[in-house]
Structures are given as C-alpha cells and as structure tokens.
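Colleague: Got a predicted model here, sequence first, then my questions.
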Amino acid sequence: MSPPAEPVVSVSGLVKRYGTVAALDGLDLTVAPGSVHGLLGPNGAGKTTAVRILATLTRPDSGEARIGGIDVRHDPLAVRRQIGLAGQFAAVDEILTGRQNLEMFGRLFHLGAAGARRRGKQLLEQFELVEAANKGVKSYSGGMRRRLDLAASMILAPRVLFLDEPTSGLDPRGRNEVWESVRALVREGTTVLLTTQYLDEADQLADRVTVIDHGRAIADGTPSELKAKIGGERIDVVGLPGTDLQALADCFAGVSTGAPTIDAKKLLVSAPVDDRVAALTTLTARLQSAGLGLADLSLRRPTLDDVFLELTGRPSVDPTASDNPPDPQPSDSPGPARTAEEARS
C-alpha cells in the first residue's frame, strides 16, 4: 500500500488580525492534491482572509502556510508560480471578446503572442466557449463570464486554484456551468480550494470540507462524515401561518435524538431521529392530538446546512456580517510579481 500523498496546501496556526478583530485565530488546514476542498463558514468567518494569505496577497501575523511545500511568506514568488486565483467577481474586460481577454492575459504572463494565442485557443475549447470566442464579453451570460474568468485563472495551468465564492449571484444554470468546469479542472489534475456560503455547492463539488468560524477550523471531513456526526435522518414539520412553533417543537420530546431547531421565517421545526418509523408514528399522533395545523411533514437525510447550523449556531448566510475587513497592503509585501487575480484587476 502506497503512503498517502503529501498535502498540496498545508496551514498551521495561522493568525491575522485587523486592529482588535481576529480574522484568523489559529487556522489549521490541509488540502490533498487532485481534490476539491471546500472551506465553509458564515460571513466574517475568515474564508477570504485565508485565501488572500495563501495567494500571497496578505501576510499573516503568525503561523505557517505552505503551497506545494513552499512557505508563502519566505518565497512568495515561487508560490505564485504554482497558483491561480478567481475572486468573488469575474475580472474580465467587457469591451474585449473572450478570445482577446485570454490572449491579453497570456501576454501579461509573458507567453508571447504566439503562445498566448495557442493557450487561449486551448482554454476556449476546454471551457466550451469556442462559439462565443469572438463575441464581446458584455454579451455573455453570468455563467459564461465566470467560465471565462476561470479560464483566465488557468493561463499558466496552476497546480492549485483558489476559487472564492465562484458562483455568487449566478442563476441555477450559471452555477451548473461553473460546477462542470470545476469538475473538468480536477479531472485534469488541478487541486481546487473552494470557499463558498452555498452548502449545496460544497455538497456537489467538495471531496472534503473544513468548516471555519471565528477564524478557526471547527470541523473537517467528507460531506458524508460531517452529516453522519449529527444523526442519520431528520423530520421536518412546517406549520401553517399562526401555528405555535414552540408547541410543534414540544411534540418532539422523547421522539428526537437531539433538540429540535426552529426557523420562524420558514415556519419550520426540524430534529434528528433514529428509528424513523416509530418517530413518525409517535410524532404524527401527537400533532393530531394537539390539533396543530401543518403545511408539510417530511423525513429526510441531513444536509450540510444542518451540519453548519449544528456547528456554528448560525445559518450559512448572514447578510449583516462581512468577510472582507480593510486590508492595507503591508510594506514588506512581495514586489511586482502577480497572481492571476492581480493581473486581471
């Protein structure tokens, strides 16, 4: 049996503070080569800060971070030769065509005119953008722009690609297009570190998931392993408008294996159960006896949303928080060498 491969991304005790705010507070993380690793957390958890440090855009206050065994602080230029970065917004020029964008990025990365044309042609085919190659990017759909942005981040075929909220704001079709592009990259050997607030996205793409909160890793495992930690199945009860949700929750006493959660906006009460048949039978009888109005009652397997709520006590999306604190460029930052994202800004 061959020994396990060395992690391509290795983070230990990473700390980054902005004044009195600890964006990262001892983050530990390892990413296996040739995989999609999901980095999940609510707004303000430190996801973007972690990516910026790994991409050599921000220096940590303490701790260690390595890409392919190379320390991001001690040799940032060597790190940048191994990575690509696609940020939260597609950094493409709307005036140019898709082909012109890729050739421009190729020239920025010193491929030369012929090399840039050749690489651009390869990427247009790889990301299924050939038919739109000579059209202005301003005519592209959101999903097409994101795929073009991913293609630009792959100009130098990086060993590791950082995707920071890659499908934010896209419609379902656009998200599916990006997901397929990410899967294709991994099949060709690229390692992807994906930050996202969309739990279904991590479920679809990630081989392994690390959940972070308040700048620290609080859970790590495959999606199936994380779901198994909070129980095998759950019962969801949706009340009618005006239903006493606490009374619904009280009906779970002795039926569920954990405390029920209440989502007042969705009129939803949910709880984990072991013996689903017995639990459904008992709960249904109690609800009927109490005369509580129901809109729906269902049995389902746990999702990453359930894991997230169980671990953090918060929903995955918190519009009142921010994951992007002010980040002034440090005086000792590396010189003119650029990551893909910087070159495209």
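Modeller: Structure's in. What do you need? Numbers count the residues shown, from 1 in each chain.
Colleague: Domains of this structure: list them as residue ranges, please.
Modeller: With domains defined by automatic domain parsing, the chain comprises 7-82+158-230, 94-154, 231-301.
Colleague: Would you format those as CSV with mean neighbour count included?
Modeller: C-betas here are computed from N, CA, C, even on glycine. As requested, these are exported to CSV (neighbours: other CB atoms under 10 Å):
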stretch, mean neighbour count
domain 7-82+158-230, 19
domain 94-154, 19
domain 231-301, 15
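Colleague: closest to L311 out of these?
Modeller: With respect to L311, and counting by CB to CB, the nearest of the domains of the chain is domain 7-82+158-230 at 5.4 Å.
Colleague: Point out the one among the domains of the chain that comes closest to E310.
Modeller: Comparing the domains of the chain against E310 with CB to CB, the closest turns out to be domain 7-82+158-230 (4.9 Å).
Colleague: Helices of this structure, start to end?
Modeller: Using DSSP state H, the helices assigned to the chain run over residues 47-54, 76-80, 98-108, 112-126, 142-153, 172-187, 199-205, 223-228, 245-250, 276-290, 304-312, 340-343.
Colleague: residues touching G174, list them.
Modeller: Shown in contact with G174 (CB atoms under 8 Å, 6 or more residues apart in numbering): S141, G142, G143, M144, R146, T167.
Colleague: before we move on, the earlier item: can I get the domains of the chain in TSV with mean pLDDT and distance to T312?
Modeller: As requested, these are arranged in TSV below (pLDDT from 0 to 100; distance: least, CB to CB, whole Å):
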stretch	mean pLDDT	distance to T312
domain 7-82+158-230	89	5
domain 94-154	90	27
domain 231-301	89	12
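Colleague: Now tabulate those domains in a markdown table and tack on distance to L311.
Modeller: Shown next, in a markdown table, are the domains of the chain (distance: least, CB to CB, whole Å):
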| stretch | distance to L311 |
| --- | --- |
| domain 7-82+158-230 | 5 |
| domain 94-154 | 29 |
| domain 231-301 | 13 |
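Colleague: And these: which comes nearest L309?
Modeller: domain 231-301 (6.5 Å).
Colleague: For the spatially most distant residue from the centre of the chain, give its distance to L283.
Modeller: Each residue of the chain has a distance to the centre, and by CA atoms, centre = their mean the biggest one is for S289: 44.1 Å. Distance of S289 to L283, given as CB to CB, to the nearest Å: 11 Å.
Colleague: now swap in G136 and tell me
Modeller: In this structure, G136 and L283 are 57 Å apart, going by CB to CB.
Colleague: likewise H37?
Modeller: Computed as CB to CB, the H37 to L283 distance reads 38 Å.
Colleague: show me the contacts for L27.
Modeller: Counting by CB under 8 Å, 6+ apart, L27 has contacts V11, G13, L14, V15, G46, A50, G63, I212, G215, R216, A217.
Colleague: at 7 Å instead, please
Modeller: Counting by CB atoms under 7 Å, 6 or more residues apart in numbering, L27 makes contact with V11, L14, G46, A50, I212, G215, R216, A217.
Colleague: Now do the contacts for the closest residue to the third one other than its chain neighbours.
Modeller: So that's G46. Of all residues not flanking G46 in the chain, G215 sits nearest, at 4.2 Å (CB to CB, 6 or more residues apart in numbering). G215 is in contact with A22, A23, L24, D25, L27, G46, counting by CB under 7 Å, 6+ apart.
Colleague: The third one contacts T48, doesn't it?
Modeller: Going back to what we said before, that points to L24. No. Under the criterion of CB atoms under 7 Å, L24 is not in contact with T48, lying 10.5 Å apart.
Colleague: rewinding a little: return the subset of the contacts of L27 lying in strands.
Modeller: Secondary-structure check on the contacts of L27 using DSSP state E: residues within strands are V11, L14, I212, R216, A217.
Colleague: how close does the last one sit to A290?
Modeller: Taking CB to CB as the measure, A217 falls 42 Å from A290.
Colleague: Make CSV out of the contacts of G174 and add distance to V269.
Modeller: Compiled in CSV, the contacts of G174 are given as follows (distance: CB to CB, whole Å):
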residue, distance to V269
S141, 39
G142, 36
G143, 36
M144, 41
R146, 37
T167, 30
